[in-house]
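K.L.:
got a predicted model here, sequence first, then my questions.
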Amino acid sequence: MEARAYVAGWDGGGTKTTLEVRDPEGAVLGRAGAGALNPNGGAAGQTEQTVAALLAEMERIGGPLAQCRGLCVGAAGVSNPETGRLLHAALEKGGWNGPLRLAGDHETALYGALGRGEGAILIAGTGSICFGRAADGRQRRCGGWGHLLDDGGSGYAVGRDILAAVVRAEDGRAPATCLRGPALEAVGAKDVPGLIRFVYSPATGKRKIAALARLLEPALEAGDEAAKAIARRAAEQLAELAGPVVEGLSLQEGELALLGGVLTGCGPVRDWLKALLAARWPGLRVIPPRMDAAAGAALLALELYEKRA
């Protein structure tokens, strides 16, 4: 009996990669995981190891690689020619020579969240970005320029604002905040000077600052005024990100999916954001993501297969 055809999508990240395999009709045949897929910043040999593991999982789930009629690899930085070259080399070394599409992680997130390539996503994770695509293929992004210049409303911005509220209260520029104790405990400091040492330590990266965003919702539940100001600022900055994308692509009657830990993990920020969006664009449908980026990559692989059929 002839082996069945299939397609596969990968959602590559700095810590793990997720694979989804679908048949030509779009039914999910299976999913699997592997290690990091980070050609520009990973450990030596890590990309090749991850690629080999994922190709083996594709064969286990879908059958021989020759029957895979489309592969989409989603990862950050694929627009960089060097990243693309490294991925192509790793795939070729692993035995892949079929139809391939490299896509940015924002594009696979869009397809997964909406189940198609039309609409927009607003992401507030460690960083923040809004990305959208119109029915005619036009794309637009807003934000995502990194924590030193941008990323308003992100986990990093919220974490930084929490720390700023603590030091402002400490020297009397602002009223006392219930964020003080949890912030000190979270960073392992006994006092504000210890908190400052944490912030400026070379070992403290942006992810550690962003992790402090989880302290916001309990402070909001306690009615803390500093927390309210931080949450409202985050919602306003995220709504600002959506403007150029929604209006630039005429998506005022379309769909916008909310992604990322700040929006999935902090109800008040999400609710304030939704209220701001509804006031500006009453016809915009704000939704939770339908699927993840691995599913989005599989849908893009299916699109690649259908174009070649």
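P.N.:
Cool, the structure landed.
K.L.:
and the top helix by length along the chain, what does it pack onto?
P.N.:
Scanning the chain for the longest helix, with DSSP state H as the assignment, gives helix 225-248. Applying 3 or more C-beta pairs under 8 Å, 6 or more residues apart in numbering; DSSP states H and E, one finds that helix 225-248 contacts strand 119-124, strand 128-133, strand 139-143, helix 155-170, helix 216-221, helix 267-280. (C-beta placed from N, C-alpha, C; glycine too.)
K.L.:
run a quick neighbour tally on Leu216.
P.N.:
Using other C-beta atoms under 10 Å, Leu216 has 28 other residues around it.
K.L.:
cool, and the one 5 residues further on?
P.N.:
Per other C-beta under 10 Å, the neighbour tally for Glu221 reads 12.
K.L.:
how far away is it from Gly13?
P.N.:
For Glu221, the distance to Gly13 (C-beta to C-beta, to the nearest Å) stands at 31 Å.
K.L.:
show me where this structure has helices.
P.N.:
Using DSSP H, helices in the chain cover 46-62, 81-94, 105-114, 155-170, 180-187, 192-200, 206-210, 216-221, 225-248, 261-265, 267-280, 293-308.
K.L.:
what about Gly296, neighbour count?
P.N.:
Neighbours of Gly296 using other C-beta under 10 Å come to 32.
K.L.:
same question for the one 4 residues further on.
P.N.:
When counting by other C-beta under 10 Å, one arrives at 26 neighbours for Leu300.
K.L.:
once you drop chain neighbours, what's closest to it?
P.N.:
Once flanking residues are discounted, Leu300 sits nearest to Cys72: 4.1 Å by C-beta to C-beta, 6 or more residues apart in numbering.
K.L.:
quick check, the one you found in contact with Ala297.
P.N.:
Yes. In terms of C-beta atoms under 8 Å, Cys72 counts as a neighbour of Ala297; the distance is 4.4 Å.
K.L.:
who has more neighbours out of those two?
P.N.:
Ala297 (32 against 29).
K.L.:
who are the contact partners of the more buried one?
P.N.:
Going by C-beta atoms under 8 Å, 6 or more residues apart in numbering, Ala297 touches 9-11, 20, 72-74, 103, 108, 111-112.
K.L.:
can you list these in JSON lines and add distance to Ala66 and pLDDT?
P.N.:
What follows is the contacts of Ala297, written out as JSON lines (distance: C-beta to C-beta, whole Å; pLDDT from 0 to 100):
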{"residue": "Gly9", "distance to Ala66": "18", "pLDDT": "98"}
{"residue": "Trp10", "distance to Ala66": "18", "pLDDT": "97"}
{"residue": "Asp11", "distance to Ala66": "24", "pLDDT": "95"}
{"residue": "Glu20", "distance to Ala66": "20", "pLDDT": "98"}
{"residue": "Cys72", "distance to Ala66": "18", "pLDDT": "97"}
{"residue": "Val73", "distance to Ala66": "18", "pLDDT": "96"}
{"residue": "Gly74", "distance to Ala66": "23", "pLDDT": "93"}
{"residue": "Ala103", "distance to Ala66": "23", "pLDDT": "93"}
{"residue": "Thr108", "distance to Ala66": "24", "pLDDT": "95"}
{"residue": "Tyr111", "distance to Ala66": "26", "pLDDT": "97"}
{"residue": "Gly112", "distance to Ala66": "27", "pLDDT": "97"}
